[in-house]
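[1] coords please:
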Amino acid sequence: MTDAQADERPTYEQAREELIGVVSQLEAGGTTLEESLALWEKGERLARICQEWLDGARKRLDAVVNGAQDDESAQE
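    I've put the predicted structure just below:
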């Protein structure tokens, strides 16, 4: 990912809130097929962004936990 892409990438919270809005619009109906497809595609993109944030958070937590376990093993 380039710096420009990182600057454009929404935070997890922003992407989640926008995704909630997209889902609400789709559930409410009243859109054309083309509009619904565009909303679906946007929702998929936002869901992927949220998942990337969550995956990154999981990796960071795993690294901290593994580091703490390594520290405990070294002290024994």
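
[2] show me what contacts the spatially most central residue of the chain?
    The structure's the chain has its C-alpha centroid closest to Cys50; by Cα atoms, centre = their mean the separation is 0.9 Å. By Cβ atoms under 8 Å, 6 or more residues apart in numbering, the residues touching Cys50 are 12, 15-16, 19. Where you see a C-beta, it was placed from the backbone N, CA and C, and this is true even at glycine.

[3] which SSE is Ala38 in?
    helix 33-75 (DSSP states H and E).

[4] flag the shaky bits of the protein, pLDDT-wise.
    Segments of the chain classed as low confidence (criterion: pLDDT under 70) are 1-7, 72, 76.

[5] run the chain-centre distance for the helix holding Ala38.
    Going by Cα atoms, centre = their mean, to the nearest Å, the spacing between the C-alpha centre of helix 33-75 and its chain's C-alpha centre is 6 Å.

[6] how far away is Lys59 from Leu46?
    In this structure, Lys59 and Leu46 are separated by 21 Å, where distance is defined by Cβ to Cβ, to the nearest Å.

[7] tell me which of these two has more neighbours.
    When neighbours are counted by other Cβ atoms under 10 Å, Lys59 and Leu46 differ, and Leu46 comes out ahead with 21 against 10.
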